[in-house]
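**Q** below is the structure, and that's it, no one-letter string:
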């Protein structure tokens, strides 16, 4: 997901973190030192004000936020309160996530010891009646929380890890606030649902996906990402390839069903052909060196030797004419790239 950054560098909380980080470990405020050891959870908040616009809290305008003409944003001196990120509407009405504190900075967001342990996400409230707006910010909050759990190796289903402000109060680590259940319950959603959704996102991210693209570098050409290899192959247009999570080509759609082979299958064929190579009765010619290979197949065989895919029999290449022809055809179809 995309996380915009507009750090609240004039906010007192931001500046306090800078001052604490400049100190040696033993001379820091213990609350900050505790947080600097790494966040232990994520706390979800909502603003409690009927204003879904990010510009109310996040400034200066970066061309996407819009200008706050009232000067009551959170990027100003004299304001201690700060969260790590806001979710709300940009000037164009799109839902976005804006980070205003580095994740490694201790925020002042819950009025308790949760400030020392939890990252913080604040969702801009509207009139609490718009289902469309709720669904969009809820989804983005899930995605951002999943990203933070992945980044800091947090288990969203573990007790006390992903909580809202009200749950933080019940745990004794936050002040007595009602958010976010007062809003989410209107749409039949709870923090238990949220935690389950975050866990599901993390599970999906951990599954190997097969991506269909023209090339691994050409992300814009991606047709889709599939957990099932057969489905990825079925969705792969002619001229496209299926890649694994590491960018390795698994399948190429050449438009020629009769040569529907994966790279591993091609490599296996090469290995078996070389291992079992014997003088053929129909064509007794055996090419033991690159110089002896017919000119039409020499570039292909040189490529395979250079890649270490073709190592020969110990006495030479051991290639028959038929083998040279087959490998040359596969190379021209892009199977050996």
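**A** Received the coordinates, thanks. Predicted model, so just to flag it, every value in this text is computed and none were measured.

**Q** what ranges do the strands span in the stretch 101-250 of the chain?
**A** 118-123, 162-164, 210-213, 224-226, 241-243, 249-252 (DSSP state E, counting those that start in this stretch).

**Q** among these, which is nearest residue 74?
**A** strand 118-123 (9.4 Å; CB to CB). Heads up, the C-betas are built off the backbone N, CA and C, glycines and all.

**Q** partners of the closest one in the sheet?
**A** Here strand 118-123 is paired, per DSSP bridges, with strand 41-46 (parallel), strand 85-89 (parallel).

**Q** got the domain ranges for this structure?
**A** Per the record, the chain has its domains at 4-206, 208-253, 265-337, by automatic domain parsing.

**Q** now do the helices in the stretch 1-150 of the chain.
**A** In the stretch 1-150 of the chain, the helices defined using DSSP state H, counting those that start in this stretch lie at 12-22, 30-36, 131-152.

**Q** what's the most buried one of those?
**A** helix 131-152 (a mean of 18; mean count of other CB atoms under 10 Å).

**Q** distance between that one and the chain's centre?
**A** Relative to the centre of its chain, helix 131-152 is centred 13 Å away, using CA atoms, centre = their mean, to the nearest Å.

**Q** pull the residues that contact that helix.
**A** 1, 3, 38-39, 42, 44, 52, 85, 87-89, 95-97, 103, 119, 121, 123-124, 126, 154-156, 161-162, 183-184, 186-187, 189, 194, 197-198, 201-202, 205 (CB atoms under 8 Å, 6 or more residues apart in numbering).

**Q** could you give the angle of that helix to strand 118-123?
**A** With axes from the mean of the first three to the mean of the last three CA atoms, to 10 degrees as the basis, helix 131-152 and strand 118-123 are set at 160 degrees to each other.

**Q** give me the mean pLDDT for helix 131-152.
**A** Averaging pLDDT along helix 131-152 gives 96.

**Q** begin at 808 from here
**A** Shifting the count to begin at 808 puts that one at helix 938-959.

**Q** re earlier: buried only: go through the contacts of helix 938-959 for me.
**A** Buried by 16 or more other CB atoms under 10 Å: 846, 849, 851, 859, 892, 894-896, 902-904, 926, 928, 930-931, 933, 961, 963, 968-969, 990-991, 996, 1001, 1004-1005, 1008-1009, out of the contacts of helix 938-959.

**Q** next one: residue 865 from residue 855, what distance?
**A** Distance, residue 865 to residue 855, using CB to CB, to the nearest Å: 17 Å.

**Q** any buried residues in stretch 974-985, and which?
**A** Here stretch 974-985 shows 974, 975, 976, 980, 981, 984 as buried, counting by 16+ other CB under 10 Å.

**Q** just name the closest of those residues to residue 830, please.
**A** Within the buried residues of stretch 974-985, the smallest distance to residue 830 is 24.8 Å, found for residue 980 (CB to CB).

**Q** about what we covered before: now the strands paired with strand 925-930 as CSV including distance to residue 1125?
**A** Formatted as CSV, the strands paired with strand 925-930 follow (distance: least, CB to CB, whole Å):
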stretch, distance to residue 1125
strand 848-853, 61
strand 892-896, 62
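
**Q** those: which one's closest to residue 878?
**A** strand 892-896 (17.3 Å).

**Q** measure how far that closest one is from the centre of its chain, please.
**A** Centre to centre, stretch against its chain (CA atoms, centre = their mean), the figure for strand 892-896 is 20 Å.

**Q** for residue 1047, state which of the buried residues of stretch 974-985 is nearest.
**A** residue 974 (46.9 Å).

**Q** ok, the closest one - contacts?
**A** Counting by CB under 8 Å, 6+ apart, residue 974 touches residue 998.

**Q** mind checking how far it is from residue 846?
**A** 16 Å.

**Q** surely residue 894 and residue 928 touch.
**A** Yes. Shown here, residue 894 and residue 928 form a contact pair, counting by CB atoms under 8 Å, at 6.6 Å.

**Q** out of the helices of the stretch 808-957 of the chain, nearest to residue 1140?
**A** Among these, helix 938-959 sits nearest to residue 1140 (CB to CB), with 39.1 Å.

**Q** can you pull the buried residues of stretch 1103-1112?
**A** Counting neighbours by 16+ other CB under 10 Å, stretch 1103-1112 gives 1104, 1105, 1107, 1108, 1111 as buried.

**Q** quick one, what contacts the third one?
**A** So the one you mean is residue 1107. Residue 1107 touches 1131, 1134, 1135, 1138, 1143, counting by CB under 8 Å, 6+ apart.

**Q** picking up where we left off before, which one of the strands of the stretch 908-1057 of the chain lies nearest to residue 1126?
**A** strand 1056-1059 (23.5 Å).

**Q** buried set for the closest one?
**A** 1056, 1057, 1058, 1059.

**Q** which intervals of the stretch 808-957 of the chain have sub-threshold pLDDT?
**A** Residue ranges of the stretch 808-957 of the chain with pLDDT under 70: none are present.
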